[in-house]
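S.K.: Starting from these lines, generate the structure:
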Amino acid sequence: MLFDGVALEDAIANEAVFVAAIADVADVADDDVTVTIDASDRRRLASGIRVAYLIVVDSQDAADDLLQHMANVSVDDIDAAVAQAADDAGAASAFAAVRFQTVTLKSLFSRVLASAVP
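M.R.: Numbers count the residues shown, from 1 in each chain. Next comes the predicted model:
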């Protein structure tokens, strides 16, 4: 995902904002979400950031359901989730101008990470 309107340093310092926002729109627990934040390499978004995320689910059916759910999430849903998560984290001022731009993946795929069950 690409965002603009937030400094890279603020985004990294408040990584939990993106974890909470993605968990919210995906309807999963925060513990199921991992994010990596870095600078966007798109020239027109020189001040933008890239947020790569991984959501761990326990079955292929859950992964398929999640992909279908995420395909229906709107830009407004993502912007609202980030704004709410930033407010909850006390970081609203750093995220006041943040806007979701695009998903950078050319295709979506799912990988189920399952733990061994005795």
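S.K.: Which parts of the protein are strands?
M.R.: Secondary structure of the chain (DSSP state E): strands located at 2-4, 33-39, 49-55, 99-102.
S.K.: now for the shortest one, which elements pack on it?
M.R.: Read that as strand 2-4. In this structure, strand 2-4 makes packing contacts with strand 49-55, strand 99-102, judged by 3 or more Cβ pairs under 8 Å, 6 or more residues apart in numbering; DSSP states H and E. Where you see a C-beta, it was placed from the backbone N, CA and C, and this is true even at glycine.
S.K.: orientation of the first one relative to strand 33-39 in degrees?
M.R.: Between strand 49-55 and strand 33-39, the angle formed by their directions is 160 degrees, by axes from the mean of the first three to the mean of the last three Cα atoms, to 10 degrees.
S.K.: contacting residues around strand 49-55?
M.R.: By Cβ atoms under 8 Å, 6 or more residues apart in numbering, the surrounding residues in contact with strand 49-55 are 1-4, 6, 8, 11, 18, 22, 26, 28, 32-41, 66, 104.
S.K.: With only the CA atoms kept, save that strand in CSV.
M.R.: Below are the C-alpha coordinates for strand 49-55, written out as CSV (Å, rounded to 0.1, in the frame of the first residue of the first chain):
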residue,chain,number,x,y,z
ILE,A,49,5.6,5.8,2.1
ARG,A,50,5.1,2.2,1.3
VAL,A,51,3.5,-0.1,3.9
ALA,A,52,3.9,-3.8,3.1
TYR,A,53,1.7,-6.0,5.3
LEU,A,54,1.2,-9.7,6.1
ILE,A,55,-1.9,-11.1,7.7
